[in-house]
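A.B. asks: okay, predicted coordinates and the sequence, questions at the end:
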Amino acid sequence: MFINRVLAVAGVLAAAGAVLAPVASASPASTRCNADTLGADLENFGAGAGQRYAQFAVTNISANTCTLYGHGGFALVGAQTQLTWTANPGPSLVTLAPGERAAMTLHWTAIPADNEAGYPCEPVANSAISIPPDETVPLTVTWQYGPVCQHGQIDASAYYKL
């Protein structure tokens, strides 16, 4: 009798498990954004008191949702770059549906360091590259903002949704 009850309870639990089992989603899972799924541009340039700001903005140009998490790489092509990641805003998961945009804020100075020769303080780049977080293939954009003084020091935030 005890065995029959155990088997009956096991059968009920197995049936409940079948009903409570998670249902797979029909929509595709999002994947990391990469150079194949993103378009990029530098925009919203701002200047004041020797400080310079711009946004490295990306747009999901694919037909699927993708995600960014954290800081991207950034470097001037043909000019020294010393990239520092800032904590404001810090890393968070950014989900981009097709056509949606995100950016990281860039900050640098146009004031030469004591051991820089003056203007231009550093070689002037014509382009820049940025590698999305956890990826290896860069995106290339035109650089039209002159030299980056203080030996190419650029501060970059993590990506945030626009």
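C.D. replies: The structure has been received and is ready for your questions.
A.B. asks: and the helix or strand in which residue 52 is found, which strands flank it?
C.D. replies: Counting by DSSP states H and E, the element that carries residue 52 is strand 51-60. Under the criterion DSSP bridges, strand 51-60 sits next to strand 38-48 (antiparallel), strand 101-109 (antiparallel) in its sheet.
A.B. asks: deepest-packed of those, please.
C.D. replies: Comparing the strands paired with strand 51-60 by mean neighbour count (mean count of other Cβ atoms under 10 Å), strand 101-109 ranks first with a mean of 21. In this view, the C-beta of every residue, glycine as well, is placed from N, C-alpha and C.
A.B. asks: off-centre distance for that strand?
C.D. replies: 10 Å (Cα atoms, centre = their mean, to the nearest Å).
A.B. asks: after that strand, which helix or strand is next?
C.D. replies: strand 127-130.
A.B. asks: got the CA positions of that next one in CSV?
C.D. replies: The C-alpha coordinates for strand 127-130 follow below in CSV (Å, rounded to 0.1, in the frame of the first residue of the first chain):
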residue,chain,number,x,y,z
SER,A,127,40.1,58.8,-38.0
ALA,A,128,39.4,56.9,-34.8
ILE,A,129,38.5,53.3,-34.1
SER,A,130,36.4,51.8,-31.3
